[in-house]
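**Q** Dropping the sequence and predicted coords here.
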Amino acid sequence: MFERYTEKARRVIFFARYEASQFGSPFIEPEHLLLGILRDDKEIIRQLLLKVDLETARQDVDSRIKPGTKTIPTNVDLPLSEHLKRVLKYGAEEAERLNHQHIGTAHLLLGLMTEKEFASAEFLSRHGATLDSLRKRIEALGGQTLKALGELPPR
């Protein structure tokens with residue numbers, strides 16, 4: 001399922017699973033994915049969301065996730081929620097729209113922005129991001145910068 005994902009994007013999904021287990025969630029949700037991005041890919045956040053203080057962002061997202069019982073071990077393979085499956089689908093569509101063969105964390109951020117009811121989309125919007133503005137920033141970074149950031153694999 002994750003063959004097209006860059007190593008960074010795979011790592012972010014791993015951290016999303018970790019975040020879900022820390023909250024005692026039975027599923028990996030879009031908010032957990034945003035926490036995974038904040039945890040692992042600070043450089044792409046700085047490049048695309050210049051105004052975000054990472055620690056404040058983490059606290060904001062943390063405060064919106066309802067904790068469950070923390071009885072889920074971190075080694076349990078949690079399923080993806082239907083919402084997160086849609087985010088991943090949208091991220092893949094965004095990669096295709098940009099003519100990128102691989103799906104990176106920048107594409108996952110675009111996927112998080114596609115449905116406004118997600119707390120992650122609301123958070124990103126409050127920090128000045130729109131789907132259109134993120135697309136433009138990603139396009140402006142260009143292929144070489146995205147490769148340097150680990151968003152696209154080297155050829």
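**A** Good, I have the coordinates. Numbering: from 1, shown residues only.
**Q** So which helix or strand of the chain has the lowest pLDDT on average?
**A** Every helix and strand of the chain was ranked by mean pLDDT, DSSP states H and E. The lowest is helix 54-64, at a mean of 73.
**Q** helices or strands up against that helix?
**A** If contacts are counted by 3 or more Cβ pairs under 8 Å, 6 or more residues apart in numbering; DSSP states H and E, helix 54-64 sits against helix 30-40, helix 42-48, helix 119-126. C-beta here means a position set from N, CA and C on the backbone, and glycine is covered the same way.
**Q** CA atoms only: put it into CSV for me.
**A** C-alpha atoms of helix 54-64 as CSV (Å, rounded to 0.1, in the frame of the first residue of the first chain):
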residue,chain,number,x,y,z
LEU,A,54,6.1,23.8,16.3
GLU,A,55,5.7,23.3,20.1
THR,A,56,2.6,25.5,20.2
ALA,A,57,1.2,23.6,17.2
ARG,A,58,1.8,20.3,18.9
GLN,A,59,0.0,21.5,22.0
ASP,A,60,-2.9,22.8,20.0
VAL,A,61,-3.4,19.6,18.1
ASP,A,62,-2.9,17.6,21.4
SER,A,63,-5.7,19.6,23.0
ARG,A,64,-8.2,18.7,20.3
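**Q** tell me the angle of that helix relative to helix 30-40?
**A** Counting by axes from the mean of the first three to the mean of the last three Cα atoms, to 10 degrees, helix 54-64 lies at 160 degrees to helix 30-40.
**Q** Can you classify Leu78 by secondary structure?
**A** Of the three states, Leu78 takes coil under DSSP: H, G, I helix; E, B strand; the rest coil.
**Q** how much space is there between it and Lys136?
**A** Distance of Leu78 to Lys136, computed by Cβ to Cβ, to the nearest Å: 34 Å.
**Q** Then Glu117?
**A** From Glu117 over to Lys136 the distance is 24 Å, taken as Cβ to Cβ.
**Q** Compare the two (neighbour count), which wins?
**A** Taking other Cβ atoms under 10 Å, Glu117 and Lys136 do not tie; Lys136 has more neighbours (11 against 8).
**Q** Which residues are in contact with the closest residue to Asp60 other than its chain neighbours?
**A** The shortest distance from Asp60 to any non-neighbouring residue, by Cβ to Cβ, 6 or more residues apart in numbering, is to Phe123 (6.0 Å). Residues in contact with Phe123 (Cβ atoms under 8 Å, 6 or more residues apart in numbering) are 34, 57, 60-61, 64.
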